[in-house]
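In: Sequence and predicted structure, then a few things I'm wondering about:
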Amino acid sequence: MKINVNGKSHTINVSANPTLLEVLREQLELTGTKYGCGEAACGACRVMMDGTAVPACITPAVSAQGKDITTIEGLEKNGKLHPVQEAFLEEDVFQCAYCASGMIVSAVALLERNASPSREEIIEAMNGNICRCCTYPQIMAAIEKAKTSKA
Ligand code: FES
Ligand code: FES
């Protein structure tokens, strides 16, 4: 089967009915997307599917056929980080950074559908992303910064 990841078409093996996360990490070696809970509860594995942040750990790879998948590796363009990545760096958000790729993907998906979300809308959109290091104030500041820089 073919899937489109970060603007490139890839042929993948779905004989064992893998999840999208297994395909990304094990077949395509895109290891920026992390495995956390395995049950759609932590957000560590979020990737964008046609612009919506989805948990790759419970998404069957076959359901990605015909969709555009974007992982954390696909956000940088021509050697330049995405503005959301820049904002997270500038706010020095992360400690262990295990949650980082899922957090950033969720934030990018949010700002792509709503360029100027309210604080409540940011909290709602990021609700499925857990940071065990509790960097939530910095995450909020980074998203507010990215939103302003895009406006
Ligand atoms: S690993 Fe997918 S949501 Fe936690
Ligand atoms: S920075 Fe450690 S889980 Fe978020």
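Out: Structure received. Ligands and ions are numbered 1, 2, ... in the order given.

In: which residue sits closest to the residue minimising distance to the centre of the chain, ignoring its sequence neighbours?
Out: Closest residue to the average C-alpha location of the chain: Val105 at 2.6 Å, with CA atoms, centre = their mean. Nearest residue to Val105, sequence neighbours excluded (CB to CB, 6 or more residues apart in numbering): Arg46, at 4.7 Å. Every C-beta, even on glycine, is put in place using the N, C-alpha and C of the backbone.

In: Please apply the same query to Val62.
Out: Val14 (5.5 Å).

In: what's Val93 in contact with, if anything?
Out: Residues in contact with Val93, defined by CB atoms under 8 Å, 6 or more residues apart in numbering, are Ala100, Met103, Thr135, Gln138, Ile139, Ala141, Ala142.

In: again, only using 10 Å
Out: Contact analysis of Val93 by CB atoms under 10 Å, 6 or more residues apart in numbering lists 87, 99-100, 103-104, 131, 133, 135-143.

In: Next: Val62.
Out: Taking CB under 10 Å, 6+ apart, one finds Met1, Ile3, Ile12, Val14, Asn17, Pro18, Thr19, Leu20, Val23 in contact with Val62.

In: just His82 next, same as before
Out: The contact partners of His82, by CB under 10 Å, 6+ apart, come to Ile72, Gly74, Leu75, Glu76, Phe88, Ile104, Val105, Ala107, Val108, Leu111, Ala146.
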